[in-house]
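*Asks:* Structure of the sequence below:
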Amino acid sequence: MLYTFTKEERLCNFHLIDNLFEEGNSFVKYPFRVVYSFIESEQVFPAQVLVSVSKKRFKRANKRNFIRRKIKEAYRLNKHKLYHILDKNEIKLVFAIIYLPTEILSYAEIEAGIEKVINQFYKLTVLKSNG
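*Replies:* Got it, this is the predicted structure:
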């Protein structure tokens, strides 16, 4: 269960997605822009994620899918850190990872970016639980 990425962990609910982009907060940790929202929900997993790669920057679907697979794999292998933080503070989170560069980055660069995103969520949850 630790290193899986199931359907329940993906953000698919249209109402949650609309709410996320209308009322959510965001930050940029290169190579990603992250839109996030803390929610009050009875979801099984502490976080749900949506991964997006711009069709404007990558016209070919195979390139978009290739980047999306790299991002999901990096998230799958590092999400246990995020889950530990969220479970400890009893917080539920929905967020979207949006890929910014116009070229395809290596897996190592993408994984480093995911780790930066998780570290930023750590700072945000500490602020949320203290404030």
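
*Asks:* Stretch 103-110: end-to-end distance?
*Replies:* 12 Å (CA to CA, to the nearest Å).

*Asks:* my guess is Ile85 meets Lys123, correct?
*Replies:* No: between Ile85 and Lys123 there is no contact under CB atoms under 8 Å: 9.8 Å. For the C-beta atoms, the positions are set from N, CA and C on the backbone; glycine is no exception.

*Asks:* Neighbour count for these two, which is higher?
*Replies:* More crowded of Ile85 and Lys123, by other CB atoms under 10 Å: Ile85, with 22 against 11.

*Asks:* check contacts around the more buried one.
*Replies:* For Ile85, the contact set (CB atoms under 8 Å, 6 or more residues apart in numbering) comprises 118, 121-122, 125.

*Asks:* Now, of those residues, which are buried?
*Replies:* Buried members of the contacts of Ile85, scored by 16 or more other CB atoms under 10 Å, are 118, 121-122, 125.
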